[in-house]
Each structure stands twice: as C-alpha cells, then as structure tokens.
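> Okay, here's the prediction I keep looking at, along with the sequence it came from:
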Number of protein chains: 2
Amino acid sequence: MSIVLTGSDTTADPIYEKLRRLLIAGRYAPGEHLVEERLAHDLGVSRTPVRQALARAAAEGLVRIYPNRGAVVRTFTPEDLIDAYDLRAVLEGYAAYQAVFRITPEQLAGMEQHAAALEASLEQTFASTEEEILFLVEQNQHFHTIIITASGNQRLAEMLMLVVNVPLQYRSFNWYTSDERRVSNFFHRSILQALRARHPDRARATMQEHIYRGRDALLKSLIETEKLSSPGM
Amino acid sequence: MSIVLTGSDTTADPIYEKLRRLLIAGRYAPGEHLVEERLAHDLGVSRTPVRQALARAAAEGLVRIYPNRGAVVRTFTPEDLIDAYDLRAVLEGYAAYQAVFRITPEQLAGMEQHAAALEASLEQTFASTEEEILFLVEQNQHFHTIIITASGNQRLAEMLMLVVNVPLQYRSFNWYTSDERRVSNFFHRSILQALRARHPDRARATMQEHIYRGRDALLKSLIETEKLSSPGM
DNA sequence: AGTTGTGATTTTGTATACAATATATCATGA
DNA sequence: TCATGATATATTGTATACAAAATCACAACT
C-alpha cells in the first residue's frame, strides 16, 4: 500500500493535492484568510487554478468561502470535533463490522505490521520528535485504512476521508502522551482479534470505543491548551 | 422550513447551485461528456466560473473529472447505489437514534404534516404526473431532513447531502408504484411513533428498514428497465 | 476620544487569450 | 477493406486583464 486515504479516484488534480497537503499539515493557521495571490505564489501557479482548488477544498470542508470575501481556513470548535468523531465512530464502526466478512489474510497481516510499528514506539523514550509523531500518525492511518478498504464500500472510504482529514495539529494530539499510546495500542490489538475471530459486533464495538477514546483525549488536550493560552478570557 | 438539504452553509455560490440543480434534475444524461463551453452557454457565464463549479461538483461526487479530458456526469452502477443506500441506512439510522433525544414538538408536527401529505396521495388515482412525483419526492425529503436536523450533528447533515443527492431519475423510481408508496407511508408512521415514544433503538431500526426497502425497490426497478432496454446484452 | 464619511488600495469575480493536450478526419498503403 | 499515420479540429488548462466589491487609511466632524 502506498498512500493513505488519498482522494480515492476523486482526486488526480496535482495542485489541489498540494493545497490540501498544506492545509492538513497546518501550514496555514485556522481562521487565516487565504489571499489568492499569496496561495498562487506559494503553489507556483496563477490565481485561476488556485480558485478551482479552493472551490474543491470548500466542498471538502477544509476551507470556507465567503462570497466576495475569499476563503478562510476552517476552524474547528470543540462541537465540530465532537460531531466529526461521532460520525467517525458510526462509519468506522460500520466499516469494521463489514470488514469481518471480507478481510483477507494479507490485509490482516498488513494491519498486524502497522500495529506492531505503533507498539514498538511504546518501548522508546517518550521524547517524541515531530517526525516521530508524523510516522505514528501515518502508521495509524494505514491501520484504519485497511479496515475501511476491507469493508468493500467505496463510497464509505470517500466519506471517511472527509471526516478524518482534519488538520494535523488537531489529530496529532493523540500521540503525545505515552498513556494514550498504550490505550490506543490495546484497542488496535483488540480490533485485530475481533476481525480474526470474525466477530462483527465485537469489531464494531471495539472500533467505536477506540475512536471515542481518541476523541476524549483530543478534547481534553484542547481544553488544557485553551486554559493555558487564555486563562481569563 | 424553506429549502431541502441545501448545502447547509457550504454553498452560497449561485452558479454552482444552478449546475447542481441541473445535474440532480437529470438535465444531462449519466456518462455524458460535459463540454465546458456548452455548460458556460447553458449557465450564461464564461468557462472560468464553470470550471470552479465543476471542481466542486467533482468533490461532491456529482461528476468525475478526468485530467485533460474534462468532466462527465457520474454514472451509478447498481453497486454504487447499494453502497450509497447502505451508508444512508447507517447515517440516517444514527440520525433517528439521536433525534429521539432532541426533537421538538414543532419538528414532530412538521413531520406529521409531510407524512400526511404523502399519505393523502395514496387515495388518489395512481396516474402520477411528473409534477406529482416531484411533489412527493420533496415532501419525503422534508420528512427526512427534519430528523437529520434534529440529530443535532451539523456535519452529519452535510455528509448525508452527499449521499442522498443522487440524480432524480434514480430517486423518483420509488414513487411510481402505489404499492411502494403504501409501504413507505407505513414506515413514516412507524418512525414518527418511535420518535414520539422516545425509543431510540426502534427509531433507528425502523429508519434503517425504511431505507433498505427503498433501496430494494430502486434496484428492482433498475433491473427491470435494464431487462426491457437490452434484452440480450 | 470616538464616529462617520470619503478616497485609495487591496482583493475577489469574470472574461478573454493562448498554449498544451486530446480527439476526429482523412489520405495513404498494405 | 482495413490499418496506420499525418493533419486539422476541438477541448482542456493556465495566465493575464479588467470590472466589481470589500477593506483600509485618514480626515472631518460631533
């Protein structure tokens, strides 16, 4: 497997791809006004293709476009994140349920590998560099992507991409504390077990709990940074 | 309530709106090559805004864009429709479950009205004009939209729009036979009952069954027209 | 000091021009 | 007749120009 939850086949527009990568990587701050000329400069093209990419990014929820006032990077309120994670729980829970009936030994082996890679990181000192975290996020994505693919529902994969593709600055929170990483690993193992044992309900339930845990960890760290940055406001 | 599952707030681009309406209404045949100049003429603007609208339509899955070869109206294989309806069942089932905890008496009254309008059509002679069917489709959409709104998950509404907004030529099949309309009405009543009684599980189960019925009816009529149009192929 | 109004500047929205690519047409030869 | 290749046409992709709208700066006034 090469790429993680890429736009399936919907994509294939290199400059939109580039913009999306920048947005997801957090190159532009949430709420930031994206002046077209600046983007054009950053992407090395003129405004015309930039506008197309922005229209698409708006459809995918990465930015919001206000008529005659341009595009701003989408901001996520805690409520937005809760909504998104609820949806993820429902959709990926369903994916796990369905995957039980279709997942192949090769796919299970792949999941095993990614789970092992994540597990290995537990042994290390908890001095996680940004690069290290990026690696973990990627391994985790691979793990989840296999299940989604194994569900056999093409459309589901597209939907989930829209929900999961939240800027990295939000997602990577989960991988900072070694505590959360341990819990996460436990669930990865449980999910694998349920899939191997062909227990659809267990697969779904475990997946849902896994995602809700991730959500809670994210919200907790969000609230904490909130407190730190604006104590009295 | 005014508009049905409009692009929430994601929209607000009049020319994209126009294009979407044409696509959903079936103005262009599935698989048809959408030459930009022609669209520009049809929409009364130049190619530039058309291309933006197309980029967006591609992101929403209404068309597919092949690099250097333009856009084609998305075609739906039976598998695509099955995937879409499965997702609908999952998502709207979830919406119904959540709606139990938040739906207001006003919203219930609104649903009652739309259900009644649909029920009234059962009494009439079954000579359904195209206009009549459009009315039924709309009433049905309103009914479902209220539940989705009542779920309280904004993102869910956006997701469902992407799944539900399948060209009319596919959707309206369900409303041709008076048999299906009767079954549909039965489920509308059951769903309302479950919501009023505040039974989340019943609401979800009934909604899911309702959607699966719709799917089966659609597939059945698709296969039949398939047989009629190409008997030997 | 704060508010409102006016002009300058920035930024968006659309049209047009042109280059790059794909498709269609048609002649040539087996 | 059919396949193949060259040429012409059509269509997409990008850049630029300009009009419309919003934002900003700053002065005049209360």
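That came in fine, so what should we check first?
> Can you pull the domain assignment for chain A?
Residue ranges for the domains of chain A, per automatic domain parsing: A:14-73, A:78-229.
> what's the burial count for A:Arg102?
12 (other CB atoms under 10 Å in any protein chain shown). C-betas here are computed from N, CA, C, even on glycine.
> residues in contact with stretch A:106-126?
A:1, A:132, A:136, A:139-140, A:142-143, A:146-147, A:149-150, A:178, A:181-182, A:184-185, A:188-189, A:192, A:195-196 (CB atoms under 8 Å, 6 or more residues apart in numbering or on different chains).
> Buried ones in that stretch, by neighbour count?
A:Gln107, A:Leu108, A:Gly110, A:Met111, A:His114, A:Ala115, A:Ala117, A:Leu118, A:Glu119, A:Ser121 (16 or more other CB atoms under 10 Å in any protein chain shown).
> And stretch A:92-109, by the same measure?
The neighbour-count check on stretch A:92-109 (16+ other CB under 10 Å) flags A:Glu92, A:Gly93, A:Tyr94, A:Ala95, A:Ala96, A:Tyr97, A:Gln98, A:Ala99, A:Val100, A:Ile103, A:Gln107, A:Leu108 as buried.
> so the last one sits in a helix?
Right, A:Leu108. Yes - counting by DSSP: H, G, I helix; E, B strand; the rest coil, A:Leu108 is located in a helix.
> What separation do you get for it and B:Pro49?
Using CB to CB, to the nearest Å, A:Leu108 is found at 48 Å from B:Pro49.
> Distance of the closest residue to DNA strand D within chain A relative to A:Leu192?
Residue nearest to DNA strand D within chain A (CB to the nearest atom of the strand): A:Ser46, separated by 3.0 Å. Distance of A:Ser46 to A:Leu192, given as CB to CB: 48 Å.
> Mind checking which of those two has more residues around it?
A:Leu192 (19 against 12).
> List the contacts of that one.
Counting by CB under 8 Å, 6+ apart, A:Leu192 has contacts A:Leu108, A:Met111, A:Glu112, A:Ala115.
> and which of the residues you listed is nearest A:Ile65?
A:Met111 (38.2 Å; CB to CB).
> Which of the helices or strands spans the closest one?
Following DSSP states H and E, one finds A:Met111 within helix A:105-123.
> Give me the next element, helix or strand, following that helix.
With DSSP H and E, the next secondary element past helix A:105-123 is helix A:130-150.
> still on that earlier bit, redo the buried residues of stretch A:106-126 as CSV? Include distance to A:Ala203 and pLDDT.
Shown next, in CSV, are the buried residues of stretch A:106-126 (distance: CB to CB, whole Å; pLDDT from 0 to 100):
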residue, distance to A:Ala203, pLDDT
A:Gln107, 13, 98
A:Leu108, 12, 98
A:Gly110, 16, 98
A:Met111, 12, 98
A:His114, 16, 97
A:Ala115, 14, 97
A:Ala117, 21, 94
A:Leu118, 18, 93
A:Glu119, 19, 94
A:Ser121, 24, 87
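> is chain B contacted by the helix ranked longest in chain A?
Determined from DSSP state H, the single longest helix within chain A is helix A:200-229. No - Helix A:200-229 stays clear of chain B (CB under 8 Å from any CB of the partner chain), getting no nearer than 10.7 Å.
> which phi and psi does A:Gly70 have?
phi 90, psi -170 (degrees, to the nearest 10).
> Give me the distance between the closest residue to it other than its chain neighbours and A:Pro49.
Leaving aside its sequence neighbours, A:Gly70 sits nearest to A:His33 (CB to CB, 6 or more residues apart in numbering or on different chains; 6.1 Å). Distance of A:His33 to A:Pro49, given as CB to CB: 19 Å.
> Name the residue in these two with the higher neighbour count.
A:Pro49 (19 against 13).
> residue in chain A nearest to chain B?
A:Ala59 (3.5 Å; CB to the nearest CB).
> so what's the closest residue to that residue other than its chain neighbours scoring on pLDDT?
Once flanking residues are discounted, A:Ala59 sits nearest to B:Ala59: 3.5 Å by CB to CB, 6+ apart. Listed pLDDT for B:Ala59 reads 92.
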